[in-house]
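**Student:** Below are the sequence and a predicted model for it; my questions follow.
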Amino acid sequence: MVRVLVIGGGIAGTAAAVALRKAGIDVAVYEAHPESAEDIGAFLTLASNGMRALAQLDASAAVTAVGFPLTSMRVLDGAGAEVAHVPLGEAANPRLRYRCLRRGELNTALQAEAARRGIDIRHGARLASVEDGPGGVTARFADGSTATGDVLVGADGLNSTVRRAIAPATRPVHAGQQVFYGYTSAAPLPGPDASITMVRGGPGGFGCAVSPDGETYWFARVPGDPLPTDEITRGTAAGWRDLLVPLLREDTPVAADVVAATTDDIMVTNATELPLGAPWRTARTLLIGDAAHAASPATGQGASMALEDAVVLAKSLRDAPDTETALSCYESLRRPRTEHNTTVSGNISRGTHTPSRPASGAPPSRPGDDDLARLLEWDSDIMTMRPAHQG
C-alpha cells in the first residue's frame, strides 16, 4: 500500500487526505500551526465545481452545515442600479449550490471530517526539509522528528516550504491589487435572499452577500502596489476603513456606504499569484492547491480548485499502475485548468483584459469544464481521461 505524507492541514491538504483515505490509501497530515484551524478572518465562496468535488468525497454535509447558500448573482452599477441578475452555478441542485462561508469554518469542517474518518492530523509539525530519494521521501520537522512515505504532497499554501525545497526559483508575485474583507450588520445594501451582489464602476471590484442572520460579508479589490507586511500587521479597522472609503466613494458610492458601516475588524492582503509553468513535482513530491497554482482572488476559485485537486490526486494514485504515472497523469489533467484560472484571474486583477462573458453572465469556460463531472466522478477510471499524447 502506498503511504502519502501531506504537508499542510488547510483546505487543499485536508481535502486531499479525505480523498486519499476514501481511495484506500494510507495518509497522514502534518500541519505547522498548533491549533485545529486558522481563521485568518476572510470569507470565501465555494463554487459549484468545488461543491461537486466535495460531493464525490461524501463530504457535502460537513460543509453545508456551515455558511449559507448562494443561488444568484446580481450586478449593480456604482450608484446602486441593478444591471443584471442571473442564476449562479448549478443553483437547481442543492448539493451543488455555491456556498459562502469563512475560511476557518471550512477548515474546521474538513478537519472534523478527516478526524471522523480516522485520519491522523499532527498539529505543530513545522516542516524543515524534504529528502526525496529512490526508495521513499522523508519529511524532517523543526522539532527533530521525521516521517517517511512513498509520496509527499505539499499543500502548505502560497509560501510553501515544500515548494522552496523542490523549486526554489519559484516565487509568488504581486497581481496588482490590494484586497480587503469585512463584515457588518449595519450595511445599507439589502438584496435578494441567497444572492451575491457585485458592484461595478471603478477600476477594482466590490462584492457582498448577506447571511440569513443579516450579516453582510464584503470584499473590495483596489489597484495598488503591495502593502508592506509590517503595515498590514499594524493596521486597524478604523485606519483601513478611512483609507478604503474615499477610494470607493468616487466610482462606487454604494460600495463605500457598506464599508463605512463596518466597525469590526477589516482584513487586508495583497493579491498574489504564482508564475505559470513553474515545477509542481519531483519523483515523489507533488505540490497541490495554492502551493502549486495560487491565483489572485478575482475569480473566486481558489478553494474550489483545491477541492478538485484532492479528488483528481486520489483517483490518479488509485488508478495508475505506479507512482510516476499517477503524478504525471495528475499534472496533465490539472495544469491546463488551474493555469487558465490563474491567467484569467490575474488579468482581471491587473485590469489588462476583461474576459468576454456569455449573455447569461456566466464566467468564461475553463479547460475541462465540459468533462469535469466525468473527471470528478468517483467511480470512473481517471486513466481514461489522460490527454491522448500520454497514451
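**Tutor:** Good, I have the coordinates.

**Student:** Any regions of this structure where pLDDT drops low?
**Tutor:** Low-confidence regions of the chain, defined by pLDDT under 70, span residues 36-41, 190, 353-364, 388-391.

**Student:** Now for this protein: which helix has the highest residue count?
**Tutor:** Determined from DSSP state H, the single longest helix within the chain is helix 323-350.

**Student:** Show me what that helix is packed up against.
**Tutor:** strand 173-184, strand 267-273, strand 285-287, helix 290-293, helix 302-319 (3 or more CB pairs under 8 Å, 6 or more residues apart in numbering; DSSP states H and E). No exception for glycine: its C-beta is placed from N, CA and C like everyone else's.

**Student:** can you list the ones you listed in CSV and add distance to F206 and mean neighbour count?
**Tutor:** Formatted as CSV, these follow (distance: least, CB to CB, whole Å; neighbours: other CB atoms under 10 Å):
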stretch, distance to F206, mean neighbour count
strand 173-184, 9, 22
strand 267-273, 14, 21
strand 285-287, 32, 28
helix 290-293, 23, 28
helix 302-319, 18, 27
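
**Student:** Adding distance to L70, write those out as a markdown table.
**Tutor:** As requested, these are exported to a markdown table (distance: least, CB to CB, whole Å):
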| stretch | distance to L70 |
| --- | --- |
| strand 173-184 | 16 |
| strand 267-273 | 20 |
| strand 285-287 | 30 |
| helix 290-293 | 22 |
| helix 302-319 | 13 |
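
**Student:** Helices of this structure, start to end?
**Tutor:** Here the chain has its helices, by DSSP H, at 11-22, 48-56, 60-64, 103-116, 161-166, 229-234, 237-249, 253-260, 290-293, 302-319, 323-350, 372-376.

**Student:** which residues does Y181 bridge with?
**Tutor:** Following DSSP bridges, Y181 is listed with bridge partners F219, M267.

**Student:** Nearest to V2, out of the helices of the chain?
**Tutor:** For V2, the closest of the helices of the chain is helix 302-319, at 6.2 Å, according to CB to CB.

**Student:** Give me the angle between the longest helix of the chain and helix 48-56.
**Tutor:** Computed with axes from the mean of the first three to the mean of the last three CA atoms, to 10 degrees, the direction of helix 323-350 lies at 150 degrees from that of helix 48-56.

**Student:** returning to that earlier point: indicate which one of the helices of the chain is closest to L276.
**Tutor:** helix 323-350 (5.1 Å).

**Student:** Okay, angle between that closest one and strand 267-273 too, please.
**Tutor:** Using the same axes, to 10 degrees, helix 323-350 lies at 120 degrees relative to strand 267-273.

**Student:** For helix 323-350, buried residues please.
**Tutor:** Across helix 323-350, burial judged by 16 or more other CB atoms under 10 Å covers 323, 325-331, 333-335, 337-350.

**Student:** ok, now stretch 210-229?
**Tutor:** 210, 216-222, 226-227.

**Student:** In contact with D225, which residues?
**Tutor:** Neighbouring residues of D225 by CB atoms under 8 Å, 6 or more residues apart in numbering: H174.

**Student:** oh, I was asking about A326
**Tutor:** With CB under 8 Å, 6+ apart, A326 has these contacts: 316-317, 319-320.

**Student:** Adding distance to D150, write those out as CSV.
**Tutor:** Formatted as CSV, these follow (distance: CB to CB, whole Å):
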residue, distance to D150
S316, 14
L317, 9
D319, 16
A320, 13
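
**Student:** surely E82 meets V75?
**Tutor:** Yes - counting by CB atoms under 8 Å, E82 does reach V75; the two are 7.2 Å apart.

**Student:** what about these two, which has more around it?
**Tutor:** More crowded of E82 and V75, by other CB atoms under 10 Å: V75, with 17 against 12.

**Student:** Leaving out sequence neighbours, find the closest residue to that one.
**Tutor:** With CB to CB, 6 or more residues apart in numbering as the criterion, V75 has its nearest non-adjacent residue at 4.2 Å, and that residue is A84.

**Student:** Number of residues surrounding that neighbour?
**Tutor:** 14.

**Student:** follow-up on the earlier one: looking at the contacts of A326, spot the one nearest R374.
**Tutor:** Of these, the one sitting nearest to R374 (CB to CB) turns out to be D319, at 13.6 Å.

**Student:** quick one on the thing from earlier: L244 is nearest to which of the helices and strands packed on helix 323-350?
**Tutor:** strand 173-184 (5.7 Å).

**Student:** picking that back up, which members of the contacts of A326 are the farthest-apart pair?
**Tutor:** L317 and D319 (7.8 Å).

**Student:** How about R102: which residues does it bridge to?
**Tutor:** The partner list for R102 in beta bridges (DSSP bridges) reads F43.

**Student:** Quick check: the gap between the residue nearest to I288 when sequence neighbours are not counted and E31.
**Tutor:** Computed as CB to CB, 6+ apart, the closest residue to I288 that is not its neighbour in sequence is D309, at 4.4 Å. Relative to E31, D309 is positioned 17 Å away (CB to CB, to the nearest Å).

**Student:** one step back: surely the residue nearest to I288 meets A12?
**Tutor:** Yes - applying CB under 8 Å as the test, D309 and A12 come out as touching, 6.0 Å apart.

**Student:** Show me the common contact partners of the two, please.
**Tutor:** With CB under 8 Å, 6+ apart, D309 and A12 have common neighbours 288-289.

**Student:** Neighbours of A53, how many?
**Tutor:** With other CB under 10 Å as criterion, A53 counts 27.

**Student:** let me redo that: P134
**Tutor:** Neighbour tally, P134, other CB under 10 Å: 7.

**Student:** Check F141 too.
**Tutor:** Neighbourhood size, F141 [other CB under 10 Å]: 18.

**Student:** begin at 11 from here
**Tutor:** With 11 as the first residue, the last one maps to F151.

**Student:** hey, what's it bridged with?
**Tutor:** Counting by DSSP bridges, F151 is bridged to L137.

**Student:** wait, what's in contact with it?
**Tutor:** Residues near F151 by CB under 8 Å, 6+ apart: 40, 135-138, 157.
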